[in-house]
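Trainee: give the three-dimensional model of this entry:
(chains A and B)
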2 protein chains.
Amino acid sequence: MSNTGSGPASPDDTFVELAGRVADAAGAIIMKYFRAPMDVGAKPDQSPVTVADGEAESAMRGLIGEAFPDHGIIGEEMDNCHEDAEFVWVLDPIDGTQSFVTGKPLFGILIALLRQGRPVLGVIDMPALGERWIGRQGQPTTFNGNPVQVRACGDLAQAWLYATSPQMFEDADFPAFERLRKQARRTVYGAECMAYGLLANGTVDLVCEGTMKLYDYAAVVPIVKGAGGFITDWRGQALGMNGDGRVLAAGDHALHAAALEVLTGD
Amino acid sequence: MSNTGSGPASPDDTFVELAGRVADAAGAIIMKYFRAPMDVGAKPDQSPVTVADGEAESAMRGLIGEAFPDHGIIGEEMDNCHEDAEFVWVLDPIDGTQSFVTGKPLFGILIALLRQGRPVLGVIDMPALGERWIGRQGQPTTFNGNPVQVRACGDLAQAWLYATSPQMFEDADFPAFERLRKQARRTVYGAECMAYGLLANGTVDLVCEGTMKLYDYAAVVPIVKGAGGFITDWRGQALGMNGDGRVLAAGDHALHAAALEVLTGD
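Mentor: This is a model prediction of the structure:
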């Protein structure tokens, strides 16, 4: 496949290789600060997580800027640049800061490449676990280098549901999530971005989250899709630059449809 | 210290060494089944988690029975034996089965030794992470061989609170937990037994859980205490053979007292 059209062409190997180097660099920095002593009363701008976040994003931006100075960059920590470019990188150095600061190893580095506003490449890297998912449009998602696939599960009553926390849902979204939770087989919390990787691996059926920013969800889109899964907002719309923060991912199309119905129901 | 009194003597090194071997044996078995393909509709008695649980507990019981045939054993999977002995081992091969079956690496092996009904030795082993806490009465708790200590945090508004899931609280326990959650700085879910290890490490301040069985909490008691922390039920009573399933652990004594007050108030 060529990379010149705007259709479902797979992103260049160069981009994938760069994304891997960006994740490596961020991981090396972040792990220096993980479980480092923290003064419980420290000001937010002095805490290890803030320092790690800033240093990692600087390093990530440096590598991207060196390789592709014309590409745009949107990151959690710093100002956007060239955000109207054809290719825009979306970076979250530490997804799961609450895990990070409490010593729980479930936090991830998220890297996405958007082409014309649509995620075509995504990396979830769990630096404390040594686990990495790579998703690229038009190719199978890999987990530590091996292709993975979602599992079939069309029945909500059989589905294992993940969410980071029930406190991530605002206003009417919480009762909607609760309806879904009560109809699912079981709900497990606290996997952060890894939940989408586990869905790609076929060991989780459904992930439902709220108040997500672009840098929280952009990277997971190609990972879920490349493993054969389905991911949209809660109205069934594709997730792009202007998502409303609500995310629903399923391994099975029928399950995705059933969950959407529960979320949008009374 | 000798091991002949009923006071705060530390358990024999022989017991600690045995507990380590028991954890190693269980971990080797459990990791064979972690992330192994599972039929989503499999009957509970055929699932990898059930097989792993049963095989691991058999191996654990075998090692203990060989070394100390007179000791009692209480396990999650099989019938109790000699439960009125002076020394009774309490085993949970997989704490966090919901994490295990969904591929999330936060599940633990819990091993406790009770003397006259009181936990004097505890092991939390996280086989997918290669992390192990050992607590023994009268000695400092270790994390991967290094002594650890809780941190000071007497102010509930500054405290990081952990619980496995808000769905683990029954009836009036849920509103009590919610009161605590709303007064704490942040609440993080989904670390399973590891939450108590992180408390011992001084990166978490408070753990509040419900519907816990003896095999869920016995092992964590010496780990929390040996790191300088405090752990009781929700009435402030010591956790022994007949706990009511409610557990409150804190690194700081003032925080433990404040949390107890919130849980028992209305």
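
Trainee: which residues touch residue A:81?
Mentor: With contact set as CB atoms under 8 Å, 6 or more residues apart in numbering or on different chains, residue A:81 has these partners: A:72-73. C-beta coordinates here come from the backbone N, C-alpha and C atoms, glycine included.

Trainee: that one and residue A:88, how far apart?
Mentor: As judged by CB to CB, to the nearest Å, residue A:81 and residue A:88 stand 9 Å apart.

Trainee: hey, what's in contact with both of these two?
Mentor: With CB under 8 Å, 6+ apart, residue A:81 and residue A:88 have common neighbours A:72-73.

Trainee: and stretch A:115-130, how far apart are its ends?
Mentor: Terminal residues of stretch A:115-130 lie 28 Å apart, using CA to CA, to the nearest Å.

Trainee: for the residue of chain A found nearest chain B, which non-adjacent residue is closest in space?
Mentor: Nearest to chain B in chain A, going by CB to the nearest CB, is residue A:190, at a distance of 2.0 Å. Using CB to CB, 6 or more residues apart in numbering or on different chains and skipping the chain neighbours, the partner closest in space to residue A:190 is residue B:190 (2.0 Å).

Trainee: report the contact partners of the one you found.
Mentor: Shown in contact with residue B:190 (CB under 8 Å, 6+ apart): A:106, A:188-191, B:99, B:104, B:106, B:164-165.

Trainee: what about the residues you listed, which are in helices?
Mentor: residue B:99 (DSSP state H).

Trainee: quick one: buried ones out of the contacts of residue B:190?
Mentor: A:106, A:188-191, B:99, B:104, B:106, B:164-165 (16 or more other CB atoms under 10 Å in any protein chain shown).

Trainee: reformat those residues as JSON lines; add pLDDT and distance to residue A:171.
Mentor: Putting the buried ones among the contacts of residue B:190 into JSON lines (pLDDT from 0 to 100; distance: CB to CB, whole Å) gives the following:
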{"residue": "A:106", "pLDDT": "97", "distance to residue A:171": "27"}
{"residue": "A:188", "pLDDT": "97", "distance to residue A:171": "24"}
{"residue": "A:189", "pLDDT": "97", "distance to residue A:171": "20"}
{"residue": "A:190", "pLDDT": "94", "distance to residue A:171": "23"}
{"residue": "A:191", "pLDDT": "95", "distance to residue A:171": "24"}
{"residue": "B:99", "pLDDT": "96", "distance to residue A:171": "30"}
{"residue": "B:104", "pLDDT": "97", "distance to residue A:171": "29"}
{"residue": "B:106", "pLDDT": "97", "distance to residue A:171": "30"}
{"residue": "B:164", "pLDDT": "96", "distance to residue A:171": "26"}
{"residue": "B:165", "pLDDT": "95", "distance to residue A:171": "22"}
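
Trainee: so how many other residues sit close to residue A:16?
Mentor: 17 (other CB atoms under 10 Å in any protein chain shown).

Trainee: for it, helix, strand, or coil?
Mentor: helix (DSSP: H, G, I helix; E, B strand; the rest coil).

Trainee: run a quick check on it versus residue A:121, I expect a contact.
Mentor: Yes: if you go by CB atoms under 8 Å, residue A:16 and residue A:121 touch, sitting 6.4 Å apart.

Trainee: find residues that contact each of these two.
Mentor: A:134, A:136.

Trainee: which regions of the stretch 1-150 of chain A sit below the pLDDT cut-off?
Mentor: A:1-9, A:38-46 (pLDDT under 70).

Trainee: in it, which spans are strands?
Mentor: Taking DSSP state E, counting those that start in this stretch, the strands of the stretch 1-150 of chain A run over residues A:72-75, A:87-95, A:108-115, A:118-126, A:131-136, A:142-143, A:146-147.

Trainee: could those go into a markdown table alongside distance to chain B and mean neighbour count?
Mentor: Putting the strands of the stretch 1-150 of chain A into a markdown table (distance: least, CB to the nearest CB, whole Å; neighbours: other CB atoms under 10 Å in any protein chain shown) gives the following:
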| stretch | distance to chain B | mean neighbour count |
| --- | --- | --- |
| strand A:72-75 | 23 | 21 |
| strand A:87-95 | 14 | 26 |
| strand A:108-115 | 13 | 27 |
| strand A:118-126 | 9 | 25 |
| strand A:131-136 | 8 | 24 |
| strand A:142-143 | 10 | 20 |
| strand A:146-147 | 12 | 10 |
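
Trainee: closest to residue A:178 out of the ones you listed?
Mentor: strand A:87-95 (24.2 Å; CB to CB).

Trainee: name the helices or strands packed onto the closest one?
Mentor: Using 3 or more CB pairs under 8 Å, 6 or more residues apart in numbering or on different chains; DSSP states H and E as the contact test, the elements touching strand A:87-95 are helix A:13-33, helix A:48-67, strand A:72-75, strand A:108-115, helix A:214-217.

Trainee: kindly export the helix or strand following the last one (C-alpha atoms) in CSV.
Mentor: Going down the chain from helix A:214-217, the next helix or strand is helix A:220-226, by DSSP states H and E. Extracted C-alpha coordinates of helix A:220-226, given in CSV (Å, rounded to 0.1, in the frame of the first residue of the first chain):
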residue,chain,number,x,y,z
VAL,A,220,-6.1,3.9,21.3
VAL,A,221,-8.3,4.3,18.2
PRO,A,222,-5.9,2.5,15.7
ILE,A,223,-5.0,-0.1,18.3
VAL,A,224,-8.7,-1.1,18.8
LYS,A,225,-9.5,-0.9,15.1
GLY,A,226,-6.4,-2.8,14.0
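
Trainee: quick one: is helix A:220-226 near chain B?
Mentor: No: applying CB under 8 Å from any CB of the partner chain, one finds helix A:220-226 separated from chain B by no less than 14.3 Å.

Trainee: within the helices and strands, which one has the closest residue to residue A:213 other than its chain neighbours?
Mentor: Using CB to CB, 6+ apart and skipping residues adjacent in sequence, the residue nearest residue A:213 is residue A:245, 6.9 Å away. In the assignment (DSSP H and E), residue A:245 maps to no helix and no strand.

Trainee: residues contacting residue A:82?
Mentor: If you count contacts by CB under 8 Å, 6+ apart, then residue A:82 has A:70-73, A:88 around it.

Trainee: between the residues you listed, which is nearest residue B:241?
Mentor: residue A:73 (58.5 Å).

Trainee: contacts only, for that closest one.
Mentor: Per CB under 8 Å, 6+ apart, neighbours of residue A:73: A:61, A:64-65, A:80-83, A:88-91.

Trainee: identify the residues contacting the spatially most central residue of chain A.
Mentor: Per CA atoms, centre = their mean, the C-alpha nearest to the average position across chain A is that of residue A:220, at 3.8 Å. Applying CB under 8 Å, 6+ apart, we find residue A:220 in contact with A:110, A:122, A:124, A:135, A:193, A:196-197, A:231, A:247, A:249.

Trainee: cool, thanks, talk later.
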